[in-house]
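> Predicted model and sequence below, questions to follow.
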Number of protein chains: 2
Amino acid sequence: MTDTLSPTLTAFVSACRDAIGAAHVLTEPHDTAPFLTDWRRRYTGAACAVLRPGTTQEVAAIVALANAHRVALVPQGGNTGLAGGATPDASGSQAVVSLARLNRVRAIDAHNNTITVEAGVVLAEVQNHARAADRLFPLSLAAEGSCTIGGNLATNAGGTAVLRYGNTRELCLGLEVVTPQGEIWDGLRALRKDNTGYDLRDLYIGAEGTLGIITAAVMKLYPLPAASVTALAALASPHAALDFLALAHRYAGPLLTGFELMSDFCLQLVGKHFPQMRYPFGERHAQVVLLELSDNESEAHARALFEQLMQEALESGLVEDAVVAENLAQSRAFWDLREHIPLAQAEEGLNVKHDIAVPISSIGTFIEQTDAAIAQAIPGARMVTFGHLGDGNLHYNLQAPEGDDAPAFLARYQAQLNRIVYDSVHRHRGTLSAEHGIGQLKVDDAAHYKSPVEMAIMRTLKAALDPLGLMNPGKVLR
Amino acid sequence: MTDTLSPTLTAFVSACRDAIGAAHVLTEPHDTAPFLTDWRRRYTGAACAVLRPGTTQEVAAIVALANAHRVALVPQGGNTGLAGGATPDASGSQAVVSLARLNRVRAIDAHNNTITVEAGVVLAEVQNHARAADRLFPLSLAAEGSCTIGGNLATNAGGTAVLRYGNTRELCLGLEVVTPQGEIWDGLRALRKDNTGYDLRDLYIGAEGTLGIITAAVMKLYPLPAASVTALAALASPHAALDFLALAHRYAGPLLTGFELMSDFCLQLVGKHFPQMRYPFGERHAQVVLLELSDNESEAHARALFEQLMQEALESGLVEDAVVAENLAQSRAFWDLREHIPLAQAEEGLNVKHDIAVPISSIGTFIEQTDAAIAQAIPGARMVTFGHLGDGNLHYNLQAPEGDDAPAFLARYQAQLNRIVYDSVHRHRGTLSAEHGIGQLKVDDAAHYKSPVEMAIMRTLKAALDPLGLMNPGKVLR
């Protein structure tokens, strides 16, 4: 690859070799390829080099060189992003900065309930280190075996425990960041309270590497719960699920750590493609909710709490049927149902995914109105609606009509479907990216729906902090 | 006042009368005086006018006029700040913008667990509206009867429930802000998840009005707990209190909503000046911890949990003695002890207050080392150490030696005491303002201890968003 570079890029790559060692500057196509295509294989870019610094100081040195040579940088963690935020453009003039070698756990402080990790530590490793210290690191998501904490922070990742513990943002106390000028900001505070100026931490979190490169973070830990127990409840409608959520909050308060909605069609798809997975109720119901309690006392206490909750919900008619997991295996089986929905969707054929959120109180109306708009515009389109109801976050996905050619359907209708869904989200004052970020995938849609005032403030911040525009250009903002 | 104004200021004040009505533009000294001195009476400023807009649009109109006439604005809520952040300078060329008339509750959404309030709503009113909807708004602090939610947001206020619910920042989902250019940013999102760009919300929170004026907010609500129960535990040292905190977290998890440390000297001062307040144990102990559980089940459940916790702590020797409140009155009495510490301090005479935080694991060492440094430098100085141990936030206060003339002592030693305490805080990677903010009180100390990189980023943000420097100049940053 190097032989086709401009003199400027050649000089930059050569200087990077001096700065971080030639072994960590990848330029051969078979070496760089894994870094140039995103996980969903929607985007493939090119790069003058893939740089693998081993320390924060080496990251700073690379950024300083990028400034001197005016080379744009694309930071990358585990390359599991869902919006193309870590893939370079096609020009070949950008460099990928892989943070994978910054993979040290710098400190763990059980009394302070904090862990200090470098950006390249894999999420599952953070969980493991916490558990070894008898603590919980609650961030959990499908890619946890390969995504990195730096990427989680850059995209403010969500996952399955947001209801109780918040997004990645809420789990972070402090950051170390290399600024677009190549300086190191040591904001590695391990404090629950600090009111001494502007909140730089939250400015970098979720900025997808466009304002600087996160190199390390102080993350919060929690006591390990004594038990986690799940249950399923069958309901007539999303509206009933909302009332049930309020009741569950009242009974369980902060012990409620999961509240996932699954429409009947989702579970039918799972049954069709994974016949070994049993439908959990004797009769079919319009909606099924999966609840999880994390209890600091005992499994028996959690089960008793569930029994009381279900009894009231059944007696009042709110819930049509309910089952509380009797053991860990059954709890696991309930989660398996939920997790097989996207797998069943893939088996059913190509589909359109939406990662949206609306105020929780609007979810019932949102589903009704959006379903109706789609049914009118595109008869036969099948809605696969499930997600983190407790957070107001739905995966409002769409499958081609039964028997249709799915790729042809998508080619024809995807843009129209997106517009219908996002217009409806916008009317409900929701968001078109609840947990995946903007990347390059949604950069135009985000600009379309955000107010001119908000776009202007974002552009002002970008221009002020990264005046040369070298930090992940084209992502988040164009 | 008006008769001494420059032509520019006269024109500005006149234009403001047209924009928001003459009745809401105060210029007579007896009208403006309450807005020109801070609550602790440390600072008194002057103003060309005190402006009392009634709507967000009127705030925007004022800011536009301030731009046109180059007049600096000082936003003010309930004027209960502890760092002089809402008091204008002495020049008389600034205008105070009181948000008190923006006092509407715009919406409450029980299913979404959110309340939308204007900046001037008094904190206790937010709590009351939540309770009327069978919900908890957990922010609680001494000034809640007069402070406003806008001021709480501008200073990211802390209070007594941070251990479980976080600071004001963690309780806010969305903001409406008038920018320094007089535009309205409608960021009133009521979403738990939204990853569509830079986190403007958290940039304005805690910025003390230096980047724009917060006019409304969407705040989180929680289920009302069924019962709150408190207990006291006697311990030998702050180190033991840390081990006890870890044990309490393990037993109670998120039900633990308070963990306050009080040194023996604090309780002796309370006993001296408020003899009706009984020392709660038969013998004296070096440290007393107040714990609070907020339980979604019942008072009986909370008491049982406390009994188990105390039994293990007593058996292991961690705790020397313990008492669980038997009823609401006794719970109240325990909190009264804690709340009488600052009152007893005032009775004892003038003193020096520090609102510091360090990593929770460092609290024991911090107290030991700082006590020793002060004892060496200023023999006889008396340390009044108490606070939110569960958050790592101590009120590390100092009283003159017994019998000394307190004002003379302070005049001689205050600067030296601050330096000793803040140097020690800095060595422990702590903060010199955990929950009160910078205002004008700590603007130089903050700049002294922050890194040049952090100060440069803060200045870049300020210059980019408020290039004319009209938003609360001299606060947070100089």
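Structure's in. What do you need?
> Stretch A:469-478 near chain B anywhere?
Yes: with CB under 8 Å from any CB of the partner chain as the criterion, chain B is reached by stretch A:469-478 at A:476-477. C-betas here are computed from N, CA, C, even on glycine.
> Might you report the residue contacts of A:S424?
A:S424 makes contact with A:366, A:369-370, A:373, according to CB atoms under 8 Å, 6 or more residues apart in numbering or on different chains.
> Return stretch A:112-120 as PDB; C-alpha atoms alone will do.
This file holds the C-alpha atoms of stretch A:112-120, laid out as PDB (Å, rounded to 0.1, in the frame of the first residue of the first chain):
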ATOM      1  CA  ASN A 112     -13.900   3.200  46.100                       C
ATOM      2  CA  ASN A 113     -15.800   0.800  43.800                       C
ATOM      3  CA  THR A 114     -13.700   1.900  40.800                       C
ATOM      4  CA  ILE A 115     -11.600   0.300  38.100                       C
ATOM      5  CA  THR A 116      -9.100   2.200  36.000                       C
ATOM      6  CA  VAL A 117      -8.700   0.700  32.500                       C
ATOM      7  CA  GLU A 118      -7.000   1.600  29.300                       C
ATOM      8  CA  ALA A 119      -9.200   2.100  26.200                       C
ATOM      9  CA  GLY A 120      -8.300  -1.200  24.600                       C
END
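> Can you point out the buried residues in that stretch?
The neighbour-count check on stretch A:112-120 (16 or more other CB atoms under 10 Å in any protein chain shown) flags A:112-120 as buried.
> tell me which of these is nearest to chain B?
Set against chain B, the nearest of the buried residues of stretch A:112-120 by CB to the nearest CB is A:N112 (4.3 Å).
> Tell me which residues of stretch A:127-135 come out buried.
A:127, A:129-130, A:135.
> Isn't A:F137 up against A:A130?
Yes: contact criterion CB atoms under 8 Å: A:F137 and A:A130 qualify, at 3.9 Å.
> any low-confidence regions in chain A?
Applying pLDDT under 70 to chain A flags the ranges A:1-3.
> care to break it down by domain?
Using automatic domain parsing, the domain parsing of chain A gives A:2-98, A:105-223, A:227-335, A:343-427.
> Need the winner for burial among the ones you listed.
Looking across the domains of chain A with neighbours counted as mean count of other CB atoms under 10 Å in any protein chain shown, the highest average goes to domain A:105-223: a mean of 23.
> What is the end-to-end distance of it?
Taking CA to CA, to the nearest Å, the first and last residues of domain A:105-223 lie 19 Å apart.
> Angles on the backbone of A:L318, please.
Main-chain torsions, A:L318, degrees, to the nearest 10: phi -70, psi -40.
> Would you mind naming the helix or strand containing A:A322?
Using DSSP states H and E, A:A322 sits within strand A:321-324.
> What's the first helix or strand after that strand?
Strand A:321-324 is succeeded, C-terminally, by helix A:328-348 (DSSP H and E).
> For that following helix, report the contacting residues that lie outside it.
Residues outside helix A:328-348 that contact it (CB under 8 Å, 6+ apart) are A:142, A:228-232, A:260, A:262, A:266-267, A:269-270, A:272-274, A:277, A:280, A:290, A:292, A:325, A:351, A:384, A:386, A:395, A:397, A:399.
> One more: stretch A:439-457?
A:42-43, A:81-87, A:208, A:418, A:422, A:426, A:432-433, A:438, A:458, A:474-478, B:179, B:183-187, B:196-198, B:200, B:465.
> What residues sit buried inside that stretch?
Judged by neighbour count (16+ other CB under 10 Å), stretch A:439-457 contains these buried residues: A:439-443, A:445-447, A:449-450, A:453-454, A:457.
> now, which of these lie within helices?
A:443, A:445-447, A:449, A:453-454, A:457 (DSSP state H).
> so which of the residues you listed would you say is closest to B:R17?
Using CB to CB, A:V453 is the member of these that sits closest to B:R17, with 27.1 Å.
> Tell me which entries of the buried residues of stretch A:127-135 lie within helices.
Using DSSP H, the buried residues of stretch A:127-135 in helices are A:127, A:129-130.
> can you put those residues in JSON lines and add distance to chain B?
Formatted as JSON lines, those follow (distance: CB to the nearest CB, whole Å):
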{"residue": "A:Q127", "distance to chain B": "18"}
{"residue": "A:H129", "distance to chain B": "16"}
{"residue": "A:A130", "distance to chain B": "14"}
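> Any chance of the residues you listed in CSV with distance to A:T27 as columns?
Shown next, in CSV, are those (distance: CB to CB, whole Å):
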residue, distance to A:T27
A:Q127, 35
A:H129, 34
A:A130, 38
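> so what strands line up beside the one helix or strand A:N397 maps to?
A:N397 is part of strand A:393-399, with elements assigned from DSSP H and E. When pairing is defined by DSSP bridges, strand A:393-399 lines up against strand A:351-352 (antiparallel), strand A:355-357 (antiparallel), strand A:382-388 (antiparallel).
> what separates the residue nearest to the spatial centre of chain A from chain B, distance-wise?
Centroid-nearest residue in chain A: A:A157, 3.5 Å away (criterion: CA atoms, centre = their mean). To chain B, A:A157 is 8 Å away according to CB to the nearest CB, to the nearest Å.
> Isn't that residue up against A:N167?
Yes: taking CB under 8 Å as the definition, A:A157 is a contact partner of A:N167 at 6.9 Å.
> joint contacts of the two?
A:E435.
> now the closest residue to A:L290 other than its chain neighbours, what's its secondary structure?
Nearest residue to A:L290 in three dimensions, chain neighbours excluded: A:E260, at 4.3 Å (CB to CB, 6 or more residues apart in numbering or on different chains). Put simply, A:E260 is strand when judged by DSSP: H, G, I helix; E, B strand; the rest coil.
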